[in-house]
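# with the input below, show me the fold.
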Amino acid sequence: MPHTQDTFIAMLTARQLPALHSWRAIPALLAYRLGPGPHLYRADNAALPRGGLMVVGDEGFDGLGRTAPVCQEIVRECHARGFSGAVLDFDSRLPPQEQVAAQLDEQFNARGWSLFVPEKYGHCAAHARVMVSSALSGGSLIRRLEEAGERFGAGRVVLALEKTAEDFFLPSPTGSGQPLSSEQLEALMARLSPSVFFSGDLCARYFTYMSRDSGAHFVLFDDGDTLRRKVEVAGRAGVHTFLLPWGELGRYAVQLGIPRNPAPAGRTW
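Numbers count the residues shown, from 1 in each chain. Alright, predicted model coming up:
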(Lines give C-alpha, C1' and ligand atoms only; values in the text may rest on other atoms or scores of the structure.)
Protein backbone atom coordinates (compact mmCIF):
# COMPACT_ATOMS: atom_id res chain seq x y z
CA MET A 1 0.00 0.00 0.00
CA PRO A 2 1.24 3.56 -0.67
CA HIS A 3 2.57 5.46 2.33
CA THR A 4 0.55 8.51 3.37
CA GLN A 5 3.72 10.58 3.17
CA ASP A 6 4.62 9.50 -0.37
CA THR A 7 5.21 12.37 -2.78
CA PHE A 8 5.20 11.83 -6.55
CA ILE A 9 6.80 14.30 -8.95
CA ALA A 10 5.83 13.90 -12.61
CA MET A 11 8.24 15.19 -15.25
CA LEU A 12 6.21 16.19 -18.30
CA THR A 13 5.75 18.77 -21.03
CA ALA A 14 3.16 21.54 -20.82
CA ARG A 15 1.12 19.71 -23.48
CA GLN A 16 0.98 16.58 -21.31
CA LEU A 17 -0.24 18.51 -18.27
CA PRO A 18 -4.00 17.87 -18.73
CA ALA A 19 -3.37 14.13 -18.24
CA LEU A 20 -1.98 14.86 -14.76
CA HIS A 21 -4.98 16.80 -13.46
CA SER A 22 -6.69 13.67 -12.13
CA TRP A 23 -3.70 12.68 -10.02
CA ARG A 24 -2.15 14.05 -6.86
CA ALA A 25 1.35 14.57 -8.22
CA ILE A 26 3.59 17.61 -8.50
CA PRO A 27 4.24 18.67 -12.11
CA ALA A 28 7.86 19.24 -13.12
CA LEU A 29 7.85 20.98 -16.48
CA LEU A 30 10.28 19.82 -19.17
CA ALA A 31 10.56 23.30 -20.62
CA TYR A 32 14.11 24.56 -20.04
CA ARG A 33 17.73 23.79 -20.78
CA LEU A 34 21.14 25.11 -19.86
CA GLY A 35 22.62 26.38 -23.11
CA PRO A 36 25.71 28.23 -24.37
CA GLY A 37 26.68 31.34 -22.48
CA PRO A 38 25.61 29.78 -20.21
CA HIS A 39 22.02 31.00 -20.39
CA LEU A 40 18.61 29.54 -19.63
CA TYR A 41 16.80 28.54 -22.82
CA ARG A 42 13.23 27.42 -23.42
CA ALA A 43 13.05 23.84 -24.67
CA ASP A 44 9.77 24.49 -26.51
CA ASN A 45 7.32 27.32 -27.19
CA ALA A 46 4.27 25.88 -25.45
CA ALA A 47 2.43 28.20 -23.08
CA LEU A 48 3.48 27.49 -19.51
CA PRO A 49 1.18 27.46 -16.48
CA ARG A 50 2.12 28.73 -13.05
CA GLY A 51 3.30 26.53 -10.21
CA GLY A 52 5.01 23.20 -9.84
CA LEU A 53 8.70 22.72 -10.56
CA MET A 54 10.90 23.61 -13.52
CA VAL A 55 13.18 21.01 -15.11
CA VAL A 56 16.50 22.24 -16.52
CA GLY A 57 18.29 19.92 -18.94
CA ASP A 58 21.83 20.34 -20.27
CA GLU A 59 21.54 19.32 -23.92
CA GLY A 60 23.85 21.55 -25.95
CA PHE A 61 25.71 23.04 -22.98
CA ASP A 62 29.37 23.63 -23.85
CA GLY A 63 30.71 24.12 -20.33
CA LEU A 64 31.91 27.68 -21.02
CA GLY A 65 31.14 31.01 -19.38
CA ARG A 66 30.29 32.41 -15.96
CA THR A 67 27.63 30.62 -13.98
CA ALA A 68 26.31 33.41 -11.73
CA PRO A 69 24.20 35.07 -14.49
CA VAL A 70 22.41 31.84 -15.48
CA CYS A 71 21.65 31.11 -11.82
CA GLN A 72 20.05 34.56 -11.63
CA GLU A 73 18.02 33.75 -14.76
CA ILE A 74 16.76 30.53 -13.18
CA VAL A 75 15.80 32.31 -9.94
CA ARG A 76 13.99 35.03 -11.90
CA GLU A 77 12.09 32.43 -13.94
CA CYS A 78 11.01 30.63 -10.75
CA HIS A 79 9.70 33.93 -9.38
CA ALA A 80 7.92 34.79 -12.63
CA ARG A 81 6.26 31.37 -13.05
CA GLY A 82 5.54 30.69 -9.39
CA PHE A 83 7.73 27.58 -9.40
CA SER A 84 8.50 26.16 -5.97
CA GLY A 85 11.80 24.67 -7.10
CA ALA A 86 13.78 23.04 -9.88
CA VAL A 87 15.04 19.68 -11.09
CA LEU A 88 18.54 19.76 -12.58
CA ASP A 89 18.29 17.00 -15.17
CA PHE A 90 21.99 17.02 -16.07
CA ASP A 91 23.44 14.06 -17.97
CA SER A 92 27.02 15.33 -18.10
CA ARG A 93 29.15 16.53 -15.22
CA LEU A 94 31.26 19.60 -15.93
CA PRO A 95 32.76 21.99 -13.36
CA PRO A 96 30.42 24.86 -14.38
CA GLN A 97 27.42 22.58 -13.84
CA GLU A 98 28.69 21.74 -10.36
CA GLN A 99 28.97 25.49 -9.74
CA VAL A 100 25.39 26.00 -10.93
CA ALA A 101 24.18 23.24 -8.58
CA ALA A 102 26.11 24.69 -5.63
CA GLN A 103 24.97 28.27 -6.23
CA LEU A 104 21.33 27.34 -6.79
CA ASP A 105 21.45 25.15 -3.69
CA GLU A 106 22.27 28.18 -1.53
CA GLN A 107 19.88 30.53 -3.32
CA PHE A 108 16.96 28.10 -3.32
CA ASN A 109 17.51 27.11 0.30
CA ALA A 110 17.42 30.76 1.35
CA ARG A 111 14.03 31.13 -0.40
CA GLY A 112 12.54 27.89 0.88
CA TRP A 113 12.48 26.35 -2.61
CA SER A 114 13.27 22.73 -3.46
CA LEU A 115 16.23 21.69 -5.59
CA PHE A 116 16.64 18.19 -7.02
CA VAL A 117 20.04 17.08 -8.35
CA PRO A 118 21.43 13.86 -9.86
CA GLU A 119 23.34 11.63 -7.46
CA LYS A 120 26.69 12.66 -8.93
CA TYR A 121 25.94 16.25 -7.86
CA GLY A 122 24.88 15.41 -4.32
CA HIS A 123 28.27 16.30 -2.87
CA CYS A 124 28.16 19.91 -4.09
CA ALA A 125 24.57 20.78 -3.12
CA ALA A 126 24.26 20.18 0.62
CA HIS A 127 20.59 21.14 0.94
CA ALA A 128 19.29 19.60 -2.31
CA ARG A 129 17.29 16.40 -2.72
CA VAL A 130 19.42 13.73 -4.40
CA MET A 131 17.93 11.64 -7.21
CA VAL A 132 18.97 7.96 -7.17
CA SER A 133 18.02 5.90 -10.22
CA SER A 134 15.82 2.84 -9.78
CA ALA A 135 17.73 1.06 -12.57
CA LEU A 136 20.22 -1.53 -11.31
CA SER A 137 22.07 -4.38 -13.00
CA GLY A 138 23.56 -5.82 -9.81
CA GLY A 139 23.47 -5.61 -6.05
CA SER A 140 20.35 -4.74 -4.09
CA LEU A 141 17.98 -1.80 -4.49
CA ILE A 142 17.25 -1.50 -0.78
CA ARG A 143 20.95 -1.53 0.06
CA ARG A 144 21.61 1.00 -2.69
CA LEU A 145 19.07 3.38 -1.16
CA GLU A 146 20.30 2.76 2.38
CA GLU A 147 23.86 3.58 1.30
CA ALA A 148 22.66 6.76 -0.41
CA GLY A 149 20.84 7.68 2.79
CA GLU A 150 24.03 7.15 4.78
CA ARG A 151 25.98 9.39 2.37
CA PHE A 152 23.48 12.21 1.92
CA GLY A 153 20.96 11.79 4.74
CA ALA A 154 17.87 9.62 4.37
CA GLY A 155 15.57 12.63 4.13
CA ARG A 156 17.40 13.89 1.04
CA VAL A 157 17.11 10.76 -1.12
CA VAL A 158 14.59 10.64 -3.99
CA LEU A 159 14.00 7.53 -6.10
CA ALA A 160 14.02 8.39 -9.80
CA LEU A 161 11.82 5.72 -11.37
CA GLU A 162 12.93 4.40 -14.76
CA LYS A 163 11.34 1.69 -16.88
CA THR A 164 14.36 0.02 -18.41
CA ALA A 165 15.13 -3.04 -20.50
CA GLU A 166 18.67 -4.22 -21.28
CA ASP A 167 20.24 -7.20 -22.98
CA PHE A 168 23.56 -8.24 -21.38
CA PHE A 169 26.23 -10.54 -22.77
CA LEU A 170 27.37 -13.13 -20.22
CA PRO A 171 29.77 -12.61 -18.64
CA SER A 172 29.23 -8.83 -18.50
CA PRO A 173 32.49 -7.19 -17.34
CA THR A 174 31.14 -3.62 -17.62
CA GLY A 175 27.75 -4.20 -16.02
CA SER A 176 26.14 -2.44 -18.97
CA GLY A 177 23.87 -3.99 -21.54
CA GLN A 178 22.30 -3.09 -24.85
CA PRO A 179 19.16 -0.99 -24.24
CA LEU A 180 15.99 -2.48 -25.68
CA SER A 181 12.93 -0.51 -26.74
CA SER A 182 9.52 -1.82 -25.67
CA GLU A 183 9.00 -3.10 -29.21
CA GLN A 184 12.36 -4.87 -29.26
CA LEU A 185 11.69 -6.51 -25.91
CA GLU A 186 8.25 -7.68 -27.01
CA ALA A 187 9.64 -9.07 -30.27
CA LEU A 188 12.45 -10.88 -28.44
CA MET A 189 10.05 -12.45 -25.95
CA ALA A 190 7.63 -13.43 -28.71
CA ARG A 191 10.46 -15.17 -30.59
CA LEU A 192 11.98 -16.93 -27.56
CA SER A 193 8.94 -17.57 -25.30
CA PRO A 194 11.38 -17.56 -22.35
CA SER A 195 10.80 -18.51 -18.73
CA VAL A 196 10.69 -15.15 -16.92
CA PHE A 197 11.83 -14.77 -13.31
CA PHE A 198 11.72 -11.99 -10.72
CA SER A 199 14.75 -10.71 -8.82
CA GLY A 200 13.81 -9.52 -5.35
CA ASP A 201 17.14 -7.72 -4.94
CA LEU A 202 16.89 -5.78 -8.19
CA CYS A 203 13.08 -5.54 -8.21
CA ALA A 204 13.14 -6.41 -11.90
CA ARG A 205 12.19 -9.30 -14.18
CA TYR A 206 14.76 -11.27 -16.15
CA PHE A 207 15.31 -14.19 -18.48
CA THR A 208 18.28 -15.80 -20.18
CA TYR A 209 18.82 -17.16 -23.65
CA MET A 210 21.55 -18.54 -25.90
CA SER A 211 22.52 -17.11 -29.26
CA ARG A 212 24.38 -19.17 -31.82
CA ASP A 213 26.34 -16.06 -32.81
CA SER A 214 26.96 -14.26 -29.50
CA GLY A 215 26.56 -16.89 -26.77
CA ALA A 216 24.77 -16.45 -23.46
CA HIS A 217 22.52 -13.45 -22.81
CA PHE A 218 20.77 -12.06 -19.73
CA VAL A 219 17.78 -9.73 -20.25
CA LEU A 220 16.67 -7.49 -17.38
CA PHE A 221 13.49 -5.43 -17.66
CA ASP A 222 10.78 -3.50 -15.82
CA ASP A 223 7.01 -3.42 -15.99
CA GLY A 224 4.29 -1.81 -13.90
CA ASP A 225 4.57 -4.48 -11.22
CA THR A 226 8.35 -4.16 -10.78
CA LEU A 227 8.04 -0.37 -10.56
CA ARG A 228 5.41 -0.78 -7.83
CA ARG A 229 7.73 -3.09 -5.93
CA LYS A 230 10.54 -0.53 -6.21
CA VAL A 231 8.28 2.06 -4.61
CA GLU A 232 7.52 -0.40 -1.79
CA VAL A 233 11.21 -1.23 -1.25
CA ALA A 234 12.09 2.46 -1.22
CA GLY A 235 9.53 2.99 1.53
CA ARG A 236 11.22 0.31 3.63
CA ALA A 237 14.49 2.24 3.18
CA GLY A 238 12.83 5.44 4.38
CA VAL A 239 12.49 6.99 0.91
CA HIS A 240 9.07 8.51 0.23
CA THR A 241 9.65 10.89 -2.68
CA PHE A 242 9.53 9.59 -6.26
CA LEU A 243 10.34 11.22 -9.59
CA LEU A 244 8.92 9.73 -12.78
CA PRO A 245 8.71 10.55 -16.50
CA TRP A 246 4.93 10.94 -16.89
CA GLY A 247 4.79 10.31 -20.63
CA GLU A 248 6.26 6.83 -20.11
CA LEU A 249 5.06 5.85 -16.63
CA GLY A 250 1.76 7.71 -16.24
CA ARG A 251 -0.09 4.58 -17.39
CA TYR A 252 1.10 2.90 -14.17
CA ALA A 253 -0.25 5.60 -11.83
CA VAL A 254 -2.64 3.22 -10.06
CA GLN A 255 0.00 0.52 -9.60
CA LEU A 256 2.51 3.05 -8.27
CA GLY A 257 0.03 4.18 -5.66
CA ILE A 258 -0.38 7.76 -6.87
CA PRO A 259 -3.56 9.06 -5.20
CA ARG A 260 -6.42 10.45 -7.23
CA ASN A 261 -6.60 14.23 -7.06
CA PRO A 262 -9.77 15.40 -5.32
CA ALA A 263 -9.15 19.03 -6.31
CA PRO A 264 -11.39 20.60 -8.97
CA ALA A 265 -10.17 20.61 -12.55
CA GLY A 266 -10.02 24.42 -12.60
CA ARG A 267 -6.62 24.56 -10.92
CA THR A 268 -3.86 26.71 -12.40
CA TRP A 269 -1.61 23.76 -13.32
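# ranges for the helices of the stretch 1-150 of the chain?
68-81, 95-111, 141-152 (DSSP state H, counting those that start in this stretch).
# ignore what I typed, I meant the stretch 151-269 of the chain.
For the stretch 151-269 of the chain, helices defined by DSSP H, counting those that start in this stretch occupy the ranges 182-192, 224-236, 246-249, 253-256.
# residues near G224, how many?
The tally of other residues near G224 (other Cβ atoms under 10 Å) stands at 15. Every residue, glycine included, has its C-beta placed from N, CA and C.
# wait, doesn't it sit right on Q255?
Yes: in this structure, G224 is within contact of Q255 by Cβ atoms under 8 Å, at 4.4 Å.
# out of the helices of the stretch 151-269 of the chain, nearest to L17?
Closest of those to L17 is helix 246-249, at 9.0 Å (criterion: Cβ to Cβ).
# and the residue positioned nearest the centre of the chain, how close does it get to F108?
The residue lying closest to the centre of the chain (Cα atoms, centre = their mean) is A160, at 3.5 Å. Between A160 and F108 the computed distance is 19 Å (Cβ to Cβ, to the nearest Å).
# columns distance to D44 on top of the helices of the stretch 1-150 of the chain, output as CSV?
Shown next, in CSV, are these (distance: least, Cβ to Cβ, whole Å):
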stretch, distance to D44
helix 68-81, 15
helix 95-111, 21
helix 141-152, 32
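# reformat those helices as TSV; add mean pLDDT, mean neighbour count and distance to S214.
TSV is the format used below for the helices of the stretch 1-150 of the chain (pLDDT from 0 to 100; neighbours: other Cβ atoms under 10 Å; distance: least, Cβ to Cβ, whole Å):
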stretch	mean pLDDT	mean neighbour count	distance to S214
helix 68-81	96	16	46
helix 95-111	96	18	37
helix 141-152	97	18	28
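# relative to L192, how far out is the closest residue to L145 other than its chain neighbours?
Sequence neighbours aside, A237 is the residue nearest to L145 in space, at 3.9 Å (criterion: Cβ to Cβ, 6 or more residues apart in numbering). Separation of A237 from L192 (Cβ to Cβ): 34 Å.
# do T174 as well
Distance check for T174 against L192: by Cβ to Cβ, it reads 24 Å.
# what about those two, which has more around it?
Higher neighbour count among T174 and L192: L192, with 14 against 8, using other Cβ under 10 Å.
# OK, contacts around the nearest residue to the more buried one once chain neighbours are set aside?
Nearest residue to L192, sequence neighbours excluded (Cβ to Cβ, 6+ apart): Y209, at 5.3 Å. For Y209, the contact set (Cβ atoms under 8 Å, 6 or more residues apart in numbering) comprises 192, 194, 216-217, 219.
# recalculate using a threshold of 7 Å.
192, 194, 217 (Cβ atoms under 7 Å, 6 or more residues apart in numbering).
# ok, now R236?
Here R236 is in contact with I142 (Cβ under 7 Å, 6+ apart).
# per-residue confidence for it?
As predicted, R236 sits at a pLDDT of 95.
# and the gap between it and G247?
28 Å.
# what do you get for D105?
For D105, the distance to G247 - Cβ to Cβ - is 28 Å.
# H39 is in contact with V70, isn't it?
Yes: between H39 and V70 there is a contact under Cβ atoms under 7 Å: 5.7 Å.
# distance from stretch 153-164 to the middle of the chain?
Centre-to-centre, stretch 153-164 and its host chain are 7 Å apart (Cα atoms, centre = their mean, to the nearest Å).
# could we number from 506 for the rest of this?
All right, first residue 506 from here; so that's stretch 658-669.
# buried stuff in that stretch?
Buried positions in stretch 658-669, judged by neighbour count with 16 or more other Cβ atoms under 10 Å: 661-669.
# got JSON lines for these, with distance to E688 and pLDDT too?
Shown next, in JSON lines, are the buried residues of stretch 658-669 (distance: Cβ to Cβ, whole Å; pLDDT from 0 to 100):
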{"residue": "R661", "distance to E688": "37", "pLDDT": "97"}
{"residue": "V662", "distance to E688": "33", "pLDDT": "97"}
{"residue": "V663", "distance to E688": "30", "pLDDT": "98"}
{"residue": "L664", "distance to E688": "27", "pLDDT": "98"}
{"residue": "A665", "distance to E688": "24", "pLDDT": "98"}
{"residue": "L666", "distance to E688": "21", "pLDDT": "98"}
{"residue": "E667", "distance to E688": "18", "pLDDT": "97"}
{"residue": "K668", "distance to E688": "14", "pLDDT": "96"}
{"residue": "T669", "distance to E688": "15", "pLDDT": "94"}
